[in-house]
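Trainee: I'd like to go over a predicted model; first the sequence, then the structure.
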There are 2 protein chains.
Amino acid sequence: MLITQSEALMSRPSPRIDIAHEALKQAILERALLPGTKLPEDEIGAHFSMSRTLVRAVLAKLQSEGLVDARPKRTATVAQPTLEEARDVFEVRRALESEVVRLVVKRWKPAFGAELEGLMREEDAARLRHEGHVAGRLAGEFHIRLAKLSGNVLLERYMSELVTRCSLILAVYGAPHVHDHTGGNEHTEIIAALRAGDAAHATAIMEAHMGDVERRALRGADPAGADALGDVLSRYAGAITARDTATPLRKVAKRK
Amino acid sequence: MLITQSEALMSRPSPRIDIAHEALKQAILERALLPGTKLPEDEIGAHFSMSRTLVRAVLAKLQSEGLVDARPKRTATVAQPTLEEARDVFEVRRALESEVVRLVVKRWKPAFGAELEGLMREEDAARLRHEGHVAGRLAGEFHIRLAKLSGNVLLERYMSELVTRCSLILAVYGAPHVHDHTGGNEHTEIIAALRAGDAAHATAIMEAHMGDVERRALRGADPAGADALGDVLSRYAGAITARDTATPLRKVAKRK
DNA sequence: AATGCCAAAACTGTATACATGATCGTCGAT
DNA sequence: ATCGACGATCATGTATACAGTTTTGGCATT
């Protein structure tokens, strides 16, 4: 249930590559590895006992997902999405979420409702246990599952990537305990709207939800009209903090 | 102008990798390499005088773009998109093209019109010269350029990938000379609609255009209600043709 | 104390080697 | 003549070596 079963079939995934990929992904999304942290191929390889060849493949994949920055001849680092990039991601996501809703309404079956509700309840349970990371992951799962119900495999793949990117943005810009909000789960309304079968209304609900998520994610970051300089400086501050923290991965590395 | 300048900045692109990537991409899209053709790492490496290490990176990239199929322990092949996959691609593309139009209308500047018209005229010129491949490429360029005008870098990236995938679909399912149609360029109407500034109308035009493109691309392929078997068989026919044609790449290889 | 410079250390870029698993043709049995 | 098993060949999976570039830390200079 933790592994993305979709990828297991396609792609060129030696299992070992997937393990490292998933582990790093988790670590980054849970902020165990802060943005800017260096990710040297040797060290990662040592941890997962694989050669640089494989590590390289892992990093390439993470880069294509936007989780790591990698410029030629330079050590890869955990990505630090720009505010602008963040807004771009949400913009695309909003568009595709709408499309998902339209398609799901069109092919709606009662079983869908049960499936989504089950997932939602898991999320709520995790939140009650104050397991923020788990709740966050499940919230993402919900949207990916919804995309799968659209019946469009490519759409599911894209949504999956977008959700991941959003999670990183949330980790970078969001308040520390974003996932611990009390009050009703917003996904309830989405399910209700889907059941109602009114496509226009359902997309409206989804757009509203996306608005909430984005607002929550970018809270604290300058609201709208910030100048480029302030943006740059604040990002550098983050980078320095992360960089000072230590030589890359060391915490994990020398756990002896 | 032939190189996608967007990728030059990001990613992890040793120039040599990009060269091979671009070459293979072109070859596949122009049907110089037919779907199903095997792409052994050794042979490709020999052609571009690079080691399998680099070839592997190239193939991985092509795979992520949907241009090659690569299953573990099996020689990679030129992709043969399913009809279902094809429809998925167009579905996602339609959704994102609409979003692009909305955004471009919102940030419209007169210079945009000139830029798009220039590109369009190049396309027409190529078509008059009966250079189908060039015209096709430029038609794709048009949509990518439009996406760039949206100001959303991620959206541009996605659109770029979707256009590529559509080109492959066109190459596989479309009639041999799809790009040689006479009569007005449909892109004219799009530009006009954008100039008018009416978002709703402009998206409607774009949707219509996408409908046309999809219809043109999937013409000949069973129109709607085909059973899976017929689908499979027709695809096998194509595959066998391609496979018989020769040992992989040979045409390109021994062009002496 | 701050600035620049240089050598050592740290990493990446790429090729190559070796092991293992697929593929294809041939040969024997039915 | 067809079908099925077996081995040679081909191609991939992964590790490792070596070359070249960037980064780092210290030392001399201002």
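Mentor: All right, it came through fine. Residues are numbered from 1 along each chain as shown, chains lettered A, B, ... in the order given.

Trainee: Find the helix or strand that the residue nearest the centre of chain A is a member of.
Mentor: In chain A, the residue lying closest to the centroid (Cα atoms, centre = their mean) is A:T164, at 2.2 Å. Using DSSP states H and E, A:T164 maps to helix A:153-173.

Trainee: Determine how far that helix lies from the middle of the whole chain.
Mentor: In terms of Cα atoms, centre = their mean, to the nearest Å, the centre of helix A:153-173 is found 4 Å from the chain centre.

Trainee: what's that helix packed up against?
Mentor: If you count contacts as 3 or more Cβ pairs under 8 Å, 6 or more residues apart in numbering or on different chains; DSSP states H and E, helix A:153-173 packs onto helix A:5-9, helix A:15-29, helix A:83-106, helix A:132-149, helix A:199-218, helix B:83-106. For glycine as for every other residue, the C-beta is placed from the backbone atoms N, C-alpha and C.

Trainee: one more time with 6 Å, if that's ok
Mentor: helix A:83-106, helix A:132-149, helix A:199-218, helix B:83-106 (3 or more Cβ pairs under 6 Å, 6 or more residues apart in numbering or on different chains; DSSP states H and E).

Trainee: any chance of these in CSV, with distance to A:L62 and mean neighbour count too?
Mentor: Shown next, in CSV, are the helices and strands packed on helix A:153-173 (distance: least, Cβ to Cβ, whole Å; neighbours: other Cβ atoms under 10 Å in any protein chain shown):
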stretch, distance to A:L62, mean neighbour count
helix A:83-106, 16, 21
helix A:132-149, 17, 21
helix A:199-218, 20, 17
helix B:83-106, 23, 21
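
Trainee: coming back round to it: quick one: the residue nearest to the centre of chain A and A:A86, what's the gap?
Mentor: 13 Å (Cβ to Cβ, to the nearest Å).

Trainee: Repeat that for A:L119.
Mentor: Distance, A:L119 to A:A86, by Cβ to Cβ: 25 Å.

Trainee: burial count for the nearest residue to the residue nearest to the centre of chain A once chain neighbours are set aside?
Mentor: Once flanking residues are discounted, A:T164 sits nearest to A:E65: 5.6 Å by Cβ to Cβ, 6 or more residues apart in numbering or on different chains. Counted with other Cβ atoms under 10 Å in any protein chain shown, the neighbours of A:E65 add up to 18.

Trainee: Between the helices and strands packed on helix A:153-173, which one is closest to A:Y173.
Mentor: helix A:199-218 (5.4 Å; Cβ to Cβ).

Trainee: Remind me what the closest one packs against, helices and strands.
Mentor: When contacts are defined as 3+ Cβ pairs under 6 Å, 6+ apart, helix A:199-218 sits against helix A:83-106, helix A:153-173, helix A:187-196.

Trainee: Which residues does it contact?
Mentor: Helix A:199-218 is contacted by residues A:90, A:94, A:97-98, A:101-102, A:105, A:169-170, A:173-174, A:178, A:186, A:189-190, A:193-194 when judged by Cβ atoms under 6 Å, 6 or more residues apart in numbering or on different chains.

Trainee: what do you get for stretch A:115-125?
Mentor: Contacts with stretch A:115-125, where a contact means Cβ under 6 Å, 6+ apart, come from A:135, A:138-139, A:142, A:145, A:185, A:187, A:191.

Trainee: DNA strand D next: which of the residues you listed are close?
Mentor: Checked against DNA strand D using Cβ under 7 Å from any atom of the strand, those yield no neighbours at all.

Trainee: Now do A:A175 against B:A23, distance only.
Mentor: Using Cβ to Cβ, one obtains 48 Å as the distance from A:A175 to B:A23.

Trainee: Enumerate the residues of chain A near DNA strand C.
Mentor: A:38-43, A:52-53, A:56, A:72-76, A:247-248.

Trainee: Just the buried ones from those, in PyMOL syntax?
Mentor: Here is the PyMOL command that selects the buried residues among those (16 or more other Cβ atoms under 10 Å in any protein chain shown):
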select buried, chain A and resi 38+39+40+41+43+56+76+248
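
Trainee: Filter the residues of chain A next to DNA strand C to keep only those in contact with DNA strand D.
Mentor: Filtered for proximity to DNA strand D (Cβ under 7 Å from any atom of the strand), these shrink to A:52-53, A:73-75.

Trainee: what's the most distant pair in these?
Mentor: Spanning the widest gap among these are A:T53 and A:R74, at 18.8 Å by Cβ to Cβ.

Trainee: The closest residue to A:R195 other than its chain neighbours sits in which helix or strand?
Mentor: Nearest residue to A:R195 in three dimensions, chain neighbours excluded: A:G113, at 5.7 Å (Cβ to Cβ, 6+ apart). Per DSSP H and E, A:G113 falls inside helix A:110-128.

Trainee: List the buried residues of that helix.
Mentor: For helix A:110-128, burial by neighbour count (16+ other Cβ under 10 Å) applies to A:112, A:115-116, A:119-120, A:122-124, A:126-127.

Trainee: can I get those in CSV with pLDDT and distance to A:T82?
Mentor: Output for the buried residues of helix A:110-128, formatted as CSV (pLDDT from 0 to 100; distance: Cβ to Cβ, whole Å):
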residue, pLDDT, distance to A:T82
A:F112, 98, 36
A:E115, 97, 36
A:L116, 98, 33
A:L119, 96, 31
A:M120, 96, 32
A:E122, 96, 33
A:E123, 95, 29
A:D124, 94, 33
A:A126, 94, 30
A:R127, 92, 30
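
Trainee: quick revisit: would you list the helices and strands packed on helix A:153-173 in TSV and tack on mean pLDDT?
Mentor: Formatted as TSV, the helices and strands packed on helix A:153-173 follow (pLDDT from 0 to 100):
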stretch	mean pLDDT
helix A:83-106	98
helix A:132-149	96
helix A:199-218	96
helix B:83-106	98
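
Trainee: got the residues of chain A near DNA strand D?
Mentor: A:12, A:14, A:16-17, A:49-54, A:73-75.

Trainee: So which of these is the closest to chain B?
Mentor: Nearest to chain B out of these is A:R12 (Cβ to the nearest Cβ; 4.9 Å).

Trainee: re the thing from before, state the pLDDT value of the residue nearest to the centre of chain A.
Mentor: pLDDT, A:T164: 98.
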